[in-house]
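[1] Got a predicted structure here, sequence first:
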Amino acid sequence: MRLNQLTIPVSDIPRSRDFYQRLGFRLLVDSPHYSRFLAPQGDTTFSLHLTSEPIVPGAVIYLECEALDDEVAALQAEGFEFEAGPADTSWLWREAKLRDPDGHVIKLYYGGVNRIDPPWRVKPEA
């Protein structure tokens, strides 16, 4: 299996669509209740679904950037406000944190080799 799609609930499609397009996502499908994007790199897709229910953010959206500090600086210059970072973490990644208009947490990060192979990785059974 390969993870391809993630959909999050939003309260305002135009506002959220603009936010994610400014973040670098390319719009693929657009309607009054749904928008789908292609990630800035790779072929992963990401969707917004309009809801009238209260939005309770829970999942964290991770976007990997090799030049994290430069990416954060460029986004800040475009008006994005970060809550934290970039900073090194105890899990050996470098992260910065912001939120989308509905409060969903987005972490821009660089994990390097530790993304898939951290020192504490579970070793496969022989």
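    In hand now; what should we look at?

[2] For the closest residue to residue 100 other than its chain neighbours, what are phi and psi?
    Leaving out its chain neighbours, the residue that sits closest to residue 100 by C-beta to C-beta, 6 or more residues apart in numbering is residue 19, at 5.5 Å. All C-beta spots, glycine's among them, are computed from the backbone N, C-alpha and C. Main-chain dihedrals, residue 19, degrees, to the nearest 10: phi -60, psi -50.

[3] could you list every residue that touches residue 82?
    Applying C-beta atoms under 8 Å, 6 or more residues apart in numbering to residue 82 gives the contacts 72, 75, 76, 96, 97, 98.

[4] and if we set it to 10 Å?
    Residue 82 is in contact with 72, 75, 76, 96, 97, 98, 99, 106, 108, counting by C-beta atoms under 10 Å, 6 or more residues apart in numbering.

[5] Helix, strand, or coil at the third one?
    Pointing back at residue 76 there. helix (DSSP: H, G, I helix; E, B strand; the rest coil).

[6] right, and it touches residue 96 too?
    Yes. Look at residue 76 against residue 96 with C-beta atoms under 10 Å: they come within range, at 9.4 Å.
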